[in-house]
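K.L.:
sharing a sequence plus its predicted fold:
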Amino acid sequence: MSTAAATAHAGHAHHDDRSFVQKYLFSTDHKIIGIQFLFLSLFFLLIGAILSLQIRWQLAFPGQPMPGGKLLPESMAAGGVLLPEYYLQLVTMHGTFMVFFAIMLLLVGVYANFLIPLKIGAHDMAFPRINMASFWSAVVAGLVMLSSLFVTDGSPRAGWTMYVPLSARHDYSGASLGQELWSISIIFFGLSSVLGSLNYITTVINNRAPGMTWFRMPLSVWALFITAILGLLAVPVLAGAAIMLLFEQILGTHFFDPSAGGQVLLWQHLFWFFGHPEVYILILPAMGMVSELVANGSRKPIFGYHSMVFAICGIAFLGWIVWGHHMFVSGMNPTLGSSFMVTTLLIAVPSAIKVFNWMGTMWRGNLRFHTPMLWGIGFVAMFTIGGLSGIFMAATPVDMYIHDTYFIVAHIHYVLVGGSLFAIFGGIVFWYPKMFGRMMNETAGKVHFWLTLILYNCVFFPMHIIGMAGHMRRIYDPTIYDFLKPVQHWNVFISISAFLLFGTQIIFFLNFWLSMFWGKKAALNPWEDNGLEWSLPSPAPHGNWDTPPTVYRGPYEFSVPGASEDYIPQNKKLPTDREPALAPAHGD
Amino acid sequence: MRTLGSVAAVGAGLLVWALGGPMFAAAPTGAVDGATVSGKVKLVGKPAANPAIDMSEEAKCAAKYTTPPHEEIVTVGAGGALANVLVYVKAGLPADAKYPVPSTSVVIDQSGCTYHPRVFGIMVGQTLEIKNSDPLLHNIKALGKKNRPFNISQPAAGMTTTRTFTAPEVMLPFECNVHGWMHAYAAVLPHPFFATTGPDGSFSIKGLPPGTYTLEAWHEKYGTQTATVTVAGAAAKTADFTFTAK
Amino acid sequence: MSGWLPAQASSFAPQIDGMFWAIMIITGITFVLVEIGIVWFSFAYRGRPGRQAHYTHGNGTAEIIWTAIPAVTMVILGLVSNGLWTQFKGRNSVPADAFPIEVHAKQFEWWVTYTGADGKFGRVTNDSISKTNPTGIDHSDPASNDDIVVRNQLHVPVGKPVVVYLSSEDVIHSFYVPEFRVRQDVVPGMQIKQWFVATVPGTYEIACSQLCGLGHYKMRAQVYVQTQADFDAWMQQQAEKAKGAPTS
């Protein structure tokens, strides 16, 4: 932003005479919007988790009445025993809520909003009102999606991937209005996502403070920026596909109907063309945040900052040309399978680079094992497993065997839970003081981390084993198959671990809510970090800075020899620093 | 003023009688009074053999049979008695007549991977109780055109669920998608004047008020036959139907 | 080679399992190095008073090494995988002498058709599909007279290449036999060929492996891998049955 605009906002930061509704409900302040997204997405994380508990009950104890099952209507559970059509609704809505309304909103809705202006030294996003619109369209999308549970015939049940023709025809799936509501919700969600992306991209390009050159940006900002580009280009494809599906359902179009010239596989190509960049949307911001947590915890610069930036860009770029690996056995031309295999194997490389660089960051560091660092290290350890399991499925002959088995489910959850969710937990604890002015309880945080780490591995590691045995996905009762009888005991083990894992999250839940009122009041920079946000009060005020800070160095100047502290904030001026020439704009 | 009031009172009374009259006039039927129409349905000629059902891949159902099961499309007894024919009053009842819906349910049971009964009648608004007596998954898909279709799964033995129909529909087919040979047919009627022939091919429809009626007999393979019958008072009448095997 | 992988009952299985274990070794080594590295660094470099971290922004040589090794490994993996993939799935992969069987999937049954003595499948049409004709045989086609249709049973001779012609009546299903390591989605509007050689006589299961509706979990069929003599006897028995009323 130019200095003129900066001065105009200077007055703003002192007087805040907005009403409660303006300040907290219909806020245009990126920090409040970030917090609104936080509450919204944590709610959906809880919903998604509750759905998964029911899935796990059915898999461990098929045919047995579920505790609380009698509270469900007869159409979902007959005498407390979950019915197949309800089970399929559970798996569909678990995936839908978790992917879109929990993880995507937690990573992008929360942290793109909260962190970007703070970490680049801006007063707010480039388009604060569009930012607000992005939040409220996400709320509408979430409510529409939730409503599908309560309409006639219930929620959609064709899997979160909604393959046609099952999803397109009520007489095949048994769902009716709920199916349409999914499409409508996704359209609103797409709107929210695109509005957000526009803001993040514009803000990063235009609103960096003086001295904040591209290669002085923290990796979390790089990751969020690249993610926003992915979202801008990929999410409209999903919205378009959802519109086509909606037309198929209610207008009688035949895009996907082979008897009328349509193509069944068209849906899969459209969905996965979105779907693959989507999974990088779900991991890149987490990787960015982990860089902050690990550098801070190691008291060392990120090892290979430039390589890390290029790895983020490489993952994003390659992410566009791998979608067919979801379709190796779909009936698509096998030669296409070969080309997608090559690109998919290659995408392992930038991810590997990142893991080695995080390890390099820890190497010869002066490690502080605060809760955020624990989550960061946990991410590296767990994401490695998730990434490595991906190599099995990249190899097409092996994928022929493990496609649509629990080996895939294991992979998904290692990268999304052990990866994204671990980073989110770390990020919540790390930036909590800047959001709410208080610290979360450190002991509770550590207990939560260790219990979660152990139980989460108990839940998801055995899924590799049952997947290897051939256990299919989305199966209501695996015990009818002879070849699965030897591994049914794993289903019981996984489910019990899952119930315990859910219980453990109560620690986080309590820590999160109670600390907000009774947590230790936070200092300006409790983690002794270098980011610009830590030069602001906790919580950060509306408008952030009176005048934008000036940036003199990169984001990871920890343990600089000869420095008085083992960290030097980006905006701290040392006698040896020169003023930057001009505020960078339009991509300096 | 008082004259106006009296006129209004009489007028209101007349109005009530005019509108309410028919309500009180129509006697609830299907009860003890009324005539009975009965008869026999026969099949002439030799029917094609019922297709055998290959239940070899559904052991728990196959075990319920001592002889190989067949799809009971045509069930013929002694002297050509044709079972599973749905006979009902198609025309002749007063258009605005309303009949009380029985509180008892019609039960359809999935047992031995077949529907029992295969053909039945049910009143609009009457409860259909769907039972699964097999220890495995059946889904029952009602392919209604005038009634909202439904598709319910029952993965275990002992599960029951209920449905009601809102519109007359003759016939409403049921199928199971897990066992493609399973078929059943329901006649959803706004009145209680229907019966399904048993193994001896006979049917009996009771409680018909005086009038001239068109009866229709429906068979899943041989189509429909009609007959006209006039009843007066409580005298019993007969109506027989004959289908020809093709 | 098994461990948790099921028994190997097709010619593909040892090859796929071989790839699986090769990848397991490569990823296993990486896994051990990374996880041990993390634990070791956590202990060795834990913060202690008076210590200082080593200030460095990275090492170009390290970057090159840990970029090149994964990249080369992936390329090799890709080349080997592709060889097998083309063999299993390629357009010209089906052996010329493969024994043809039609497998027609519908919610929620597998309908299997054999050519019978004439070696030709009768024409099937969507319009001919009915309650008593689940695969839609067009009986006006004389080639259909000796076709054998069975429900939820796939009989194959051991040691001979078999090709299944997969079709779907309604939604996407997936033909999957774990012990064969074979999987192929069955897509409405397409007829997809998948070949295999069953190598061990016995009974195996087909599990539908693409969500196809509420009965998806119950869409199970049996594969009977038989000696040529047993297979011929079964076909003979079926042919005689087919001469009578149609089997449902």
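P.N.:
Happy to help now that I have it.
K.L.:
the chain: strands as residue ranges?
P.N.:
If you meant another chain, say so; for now it's chain A. A:77-78, A:81-82 (DSSP state E).
K.L.:
oops, wrong one, chain C.
P.N.:
Taking DSSP E as the criterion, chain C carries its strands at C:99-106, C:109-114, C:148-151, C:153-157, C:161-168, C:173-177, C:182-186, C:192-197, C:202-207, C:220-226.
K.L.:
export those strands to CSV and tack on mean neighbour count, distance to chain B and mean pLDDT?
P.N.:
C-beta coordinates here come from the backbone N, C-alpha and C atoms, glycine included. Below are these laid out as CSV (neighbours: other Cβ atoms under 10 Å in any protein chain shown; distance: least, Cβ to the nearest Cβ, whole Å; pLDDT from 0 to 100):
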stretch, mean neighbour count, distance to chain B, mean pLDDT
strand C:99-106, 21, 8, 97
strand C:109-114, 23, 6, 97
strand C:148-151, 22, 5, 94
strand C:153-157, 21, 6, 97
strand C:161-168, 22, 13, 97
strand C:173-177, 28, 12, 98
strand C:182-186, 26, 16, 98
strand C:192-197, 20, 21, 97
strand C:202-207, 20, 10, 97
strand C:220-226, 20, 6, 97
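K.L.:
and those as TSV, adding distance to chain A?
P.N.:
Shown next, in TSV, are the strands of chain C (distance: least, Cβ to the nearest Cβ, whole Å):
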stretch	distance to chain A
strand C:99-106	11
strand C:109-114	14
strand C:148-151	17
strand C:153-157	15
strand C:161-168	9
strand C:173-177	7
strand C:182-186	5
strand C:192-197	5
strand C:202-207	6
strand C:220-226	6
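K.L.:
any chance of a markdown table for these, columns distance to residue B:119?
P.N.:
Output for the strands of chain C, formatted as a markdown table (distance: least, Cβ to Cβ, whole Å):
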| stretch | distance to residue B:119 |
| --- | --- |
| strand C:99-106 | 25 |
| strand C:109-114 | 24 |
| strand C:148-151 | 24 |
| strand C:153-157 | 30 |
| strand C:161-168 | 32 |
| strand C:173-177 | 32 |
| strand C:182-186 | 35 |
| strand C:192-197 | 40 |
| strand C:202-207 | 34 |
| strand C:220-226 | 31 |
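K.L.:
of these, which approaches residue A:132 most closely?
P.N.:
Closest to residue A:132 of these is strand C:182-186 (Cβ to Cβ; 43.6 Å).
K.L.:
between the closest one and strand C:161-168, how big is the angle?
P.N.:
Computed by axes from the mean of the first three to the mean of the last three Cα atoms, to 10 degrees, the angle separating strand C:182-186 from strand C:161-168 equals 30 degrees.
K.L.:
all helices for the stretch 201-350 of chain A, in order.
P.N.:
In the stretch 201-350 of chain A, the helices defined using DSSP state H, counting those that start in this stretch lie at A:219-250, A:264-281, A:284-298, A:305-318, A:334-362.
K.L.:
residue C:27 touches residue A:387, doesn't it?
P.N.:
No. Assessed by Cβ atoms under 8 Å, residue C:27 is found out of contact with residue A:387, at 9.0 Å.
K.L.:
neighbour count winner among these two?
P.N.:
Shown here are residue C:27 and residue A:387; by other Cβ atoms under 10 Å in any protein chain shown, residue A:387 has more neighbours (24 against 20).
K.L.:
nearest residue to that one in space, please, no chain neighbours.
P.N.:
Nearest residue to residue A:387 in three dimensions, chain neighbours excluded: residue A:351, at 5.0 Å (Cβ to Cβ, 6 or more residues apart in numbering or on different chains).
K.L.:
next, the contact list for the one you found, please.
P.N.:
A:311, A:315, A:383, A:387 (Cβ atoms under 8 Å, 6 or more residues apart in numbering or on different chains).
K.L.:
so what's the last one scoring on pLDDT?
P.N.:
We note a pLDDT of 97 for residue A:387 in this prediction.
K.L.:
count of neighbours near the residue in chain C that chain B sits nearest to?
P.N.:
Going by Cβ to the nearest Cβ, chain B is nearest to residue C:152 of chain C, at 3.8 Å. By other Cβ under 10 Å, 20 other residues sit near residue C:152.
K.L.:
let me see the contact set for it.
P.N.:
B:57, C:109, C:110, C:112, C:220, C:221, C:222.
K.L.:
if we use 6 Å, what do you get?
P.N.:
Residue C:152 makes contacts with B:57, C:110, C:221, as judged by Cβ atoms under 6 Å, 6 or more residues apart in numbering or on different chains.
K.L.:
ok so, going back, most tightly surrounded among the helices of the stretch 201-350 of chain A?
P.N.:
Highest mean neighbour count of those: helix A:284-298, a mean of 29 (counted as mean count of other Cβ atoms under 10 Å in any protein chain shown).
K.L.:
neighbouring contacts of it?
P.N.:
A:107, A:111, A:219-220, A:223-224, A:227, A:302, A:358, A:361-362, A:365, A:367-368, A:372-373, A:376, A:379, A:419-420, A:423, A:426-427, A:527, A:529, A:556.
K.L.:
need the helix or strand of chain B with the lowest average pLDDT.
P.N.:
Ranked by mean pLDDT, DSSP states H and E, the weakest helix or strand in chain B is helix B:2-25, scoring a mean of 52.
K.L.:
nearest to residue B:223 among the contacts of residue A:351?
P.N.:
Nearest to residue B:223 among the contacts of residue A:351 is residue A:387, at 65.4 Å by Cβ to Cβ.
K.L.:
skipping adjacent residues, who's closest to residue 52 in space?
P.N.:
If you meant another chain, say so; for now it's chain A. residue A:94 (5.1 Å).
K.L.:
oops, I was thinking of chain C
P.N.:
The shortest distance from residue C:52 to any non-neighbouring residue, by Cβ to Cβ, 6+ apart, is to residue A:559 (5.5 Å).
K.L.:
again, but for residue A:424
P.N.:
Per Cβ to Cβ, 6+ apart, closest to residue A:424 is residue A:106, 4.9 Å.
K.L.:
please verify my assumption that the one you found contacts residue A:41.
P.N.:
Yes. Between residue A:106 and residue A:41 there is a contact under Cβ atoms under 6 Å: 4.5 Å.
K.L.:
near chain C too, which of the contacts of helix A:284-298?
P.N.:
Contacts with chain C are made by A:362, A:365, A:367, A:368 out of these, judged by Cβ under 6 Å from any Cβ of the partner chain.
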